[in-house]
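Trainee: Have a look at this fold, sequence not included:
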Ligand SMILES: NCc1[nH]cc(CCC(=O)O)c1CC(=O)O
Ligand SMILES: [Mg+2]
């Protein structure tokens, strides 16, 4: 956008409106509210909670605790949570069959949460095979190749067990081509026309996912392998626009850019290009670097948390998935 010129200095002094708090509040262009927050939560099959060394302050919750955490989200006014399972190694296999077990951990937990909180809280579940595959890849692997169409057939089944468990939003995070259309038709064919699809549409092959992979236990399975044949290269911007365009054409209700802070240019471009609900994921490595620096006393933790989240809003995000969700909700209250 280009604006008409303003009167030159000294007639115009931009500091004038900055010189009082009331005035800064009046001219504020963007703001952050609790309604913008989605809280990612890790669950494990067991009781109590477990610390995650690379994600200080974030816990894995046992099945006995997670419902209380969901209730806390409701009390804080957070609109939605995203659940991620740490699957027991014994349940992982090459075909990731636990992904479409209707009694798997996330399905059981989703039923419990929905029973407790009903429609006061949206529950978002990832569709991708990496929590369940012995090789740690998001898709089926044959001869070292991550298979696209074969994976989509399994993702359909995974989405259906999650929808049957009562999940409100299916969030495919696997980056297979065509999976949004496949999942949308599977949902529609089975009476789940009102279950939303939030596509991880522009997801990059990023080193910022490291602590998440520790949290769900996929780092050990993945070993030295990477996800570059399906997640986008960090060099890509036009390609991200094509990814979003295709996912919208296949029926996505909302789209996500991931990671967040290093990709705010993509967030801005996606929002400006399509004008659809656009989310950004401030991923585990972003949380870890801010939190780590705050814990070391190098940064003001609360200030950088709120500044980084506001920056997502300024870029055009409608909401942010962030491990800071509860802290931010408290700070904003
Ligand atoms: N499909 C798995 C998935 N879903 C969300 C994240 C990362 C989130 C984070 O780092 O916080 C990942 C990791 C990956 O793709 O390896
Ligand atoms: Mg795609």
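Mentor: Now that the structure is in, tell me what you want to look at. Everything numeric here is computed off the predicted structure, so don't read it as measured data. Ligands and ions are numbered 1, 2, ... in the order given.
Trainee: how many neighbours does the residue of the stretch 1-150 of the chain at minimum distance from ligand 1 have?
Mentor: Residue nearest to ligand 1 within the stretch 1-150 of the chain (CB to the nearest ligand atom): residue 128, separated by 3.6 Å. Yep, even glycine has a C-beta here, placed from its N, CA and C like the rest. Using other CB atoms under 10 Å, residue 128 has 26 neighbouring residues.
Trainee: Verify the stated contact: it with residue 162.
Mentor: No. Counting by CB atoms under 8 Å, residue 128 does not reach residue 162; the two are 11.4 Å apart.
Trainee: which helices and strands does the helix or strand where residue 246 lies pack with?
Mentor: According to DSSP states H and E, residue 246 maps onto helix 238-249. Judged by 3 or more CB pairs under 8 Å, 6 or more residues apart in numbering; DSSP states H and E, helix 238-249 is in contact with strand 196-203, strand 254-258, helix 264-274.
Trainee: interface residues of the stretch 1-150 of the chain facing ligand 1?
Mentor: Taking CB under 6 Å from any ligand atom as the measure of proximity, the stretch 1-150 of the chain contacts ligand 1 at 126, 128, 130, 138.
Trainee: mind checking how far residue 221 is from residue 285?
Mentor: 19 Å (CB to CB, to the nearest Å).
Trainee: Oops, could you answer that again for residue 308 instead?
Mentor: Distance, residue 308 to residue 285, by CB to CB: 13 Å.
Trainee: just to revisit the earlier point, closest one to residue 296 among the helices and strands packed on helix 238-249?
Mentor: Closest approach to residue 296 among the helices and strands packed on helix 238-249 is made by helix 264-274 (24.8 Å; CB to CB).
Trainee: what's the average pLDDT for the helix or strand following that closest one?
Mentor: Next helix or strand after helix 264-274 toward the C-terminus (DSSP H and E): strand 278-282. The average of the pLDDT scores along strand 278-282 is 98.
Trainee: Around ligand 1, which positions in the stretch 201-333 of the chain sit nearby?
Mentor: Counting by CB under 6 Å from any ligand atom, the stretch 201-333 of the chain comes close to ligand 1 at 209, 212-213, 227, 283-284.
Trainee: Three-state assignment for residue 29, please.
Mentor: Three-state assignment for residue 29 (DSSP: H, G, I helix; E, B strand; the rest coil): coil.
Trainee: What is the burial count for residue 300?
Mentor: For residue 300, the neighbour count with other CB under 10 Å is 12.
Trainee: wait, it sits on residue 294?
Mentor: Yes. Judged on CB under 8 Å, residue 300 makes contact with residue 294 at a distance of 7.1 Å.
Trainee: what's the following helix or strand after the helix or strand containing residue 75?
Mentor: If you go by DSSP H and E, residue 75 is part of helix 66-76. Next in sequence after helix 66-76, counting helices and strands by DSSP H and E, comes strand 80-86.
Trainee: tell me what that next one is packed against?
Mentor: Judged by 3+ CB pairs under 8 Å, 6+ apart, the packing partners of strand 80-86 are strand 37-44, helix 66-76, helix 105-117, strand 122-127, helix 210-216.
Trainee: Pipe these into CSV and attach mean neighbour count and mean pLDDT per row.
Mentor: Below are those laid out as CSV (neighbours: other CB atoms under 10 Å; pLDDT from 0 to 100):
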stretch, mean neighbour count, mean pLDDT
strand 37-44, 24, 98
helix 66-76, 18, 98
helix 105-117, 20, 98
strand 122-127, 24, 98
helix 210-216, 21, 94
